[in-house]
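> Pasting the sequence and the predicted model now:
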Amino acid sequence: MRQTRLNTRHIAASWLVAAAMLGSATASAQTAITRGEIIAGTCYTCHGTHGVSPSTIPSIDYFQPERMTEILRSYRAGLRASTVMGRHASGYTDEEIVEVANFLGSLQKRGK
């Protein structure tokens, strides 16, 4: 009886250790989501997933980060005509614009 009780405890402890190891391995395997990626998610509503537009709204997946930064800053400053983009861009700081431009620039270019 005593041997069975010890074996049961040993098995239960082994399962707990295995579960903890699996949990930590899973957590370390996850990738961090950047602020640029989060902001880019709002762009996908109009410009399509990963910036590839399924409609007449322009795709934005082919812009280099420097060009995207310039365009967004122009919208924010009111130097570029727009119906919606000026309002979107006005909500972002220079740092956020650079982050979203870098994220979109890092995507594999798919185009239309």
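Happy to help now that I have it.

> Spatially nearest residue to Arg73 (excluding sequence neighbours)?
Ile97 (6.2 Å; Cβ to Cβ, 6 or more residues apart in numbering). Using the backbone N, CA and C atoms, a C-beta is placed for each residue, glycine as well.

> So the one you found versus Val84, what's the distance?
Ile97 is 16 Å from Val84, where distance means Cβ to Cβ, to the nearest Å.

> Give me the more crowded residue out of the two.
Ile97 (22 against 10; other Cβ atoms under 10 Å).

> does the most centrally placed residue in the chain sit in a helix or strand, and which one?
In the chain, the C-alpha nearest the mean C-alpha coordinate belongs to Glu37, at 2.8 Å (Cα atoms, centre = their mean). Assessed by DSSP states H and E, Glu37 sits inside helix 35-47.

> ok, now which ones touch the closest residue to Ile60 other than its chain neighbours?
In this structure, Ile60 finds its nearest non-sequential neighbour in Gly51, 4.1 Å apart by Cβ to Cβ, 6+ apart. By Cβ atoms under 8 Å, 6 or more residues apart in numbering, Gly51 lies in contact with 40, 43-44, 59-61, 104, 107.

> Next: Ser55.
Per Cβ under 8 Å, 6+ apart, neighbours of Ser55: Gly48.

> Could you do Leu107 as well?
50-51, 61.

> Might one say that Val100 is in contact with Pro65?
No. Counting by Cβ atoms under 8 Å, Val100 sits too far from Pro65 to count as a contact (9.2 Å).

> Neighbour count for the two, which is higher?
Val100 (26 against 18).

> Run through the residues that contact the more buried one.
The neighbourhood of Val100, defined by Cβ under 8 Å, 6+ apart, consists of 36, 39-40, 43, 68, 72, 92.

> Ok, Lys109 next?
Lys109 touches 61-62, counting by Cβ under 8 Å, 6+ apart.

> thinking again about what came up before, need the per-residue pLDDT for the residue nearest to Arg73.
pLDDT for Ile97: 97.

> Next, the angle from the helix or strand harbouring it to helix 35-47.
Ile97 belongs to helix 94-106 when assigned by DSSP H and E. Using axes from the mean of the first three to the mean of the last three Cα atoms, to 10 degrees, the direction of helix 94-106 lies 70 degrees away from that of helix 35-47.
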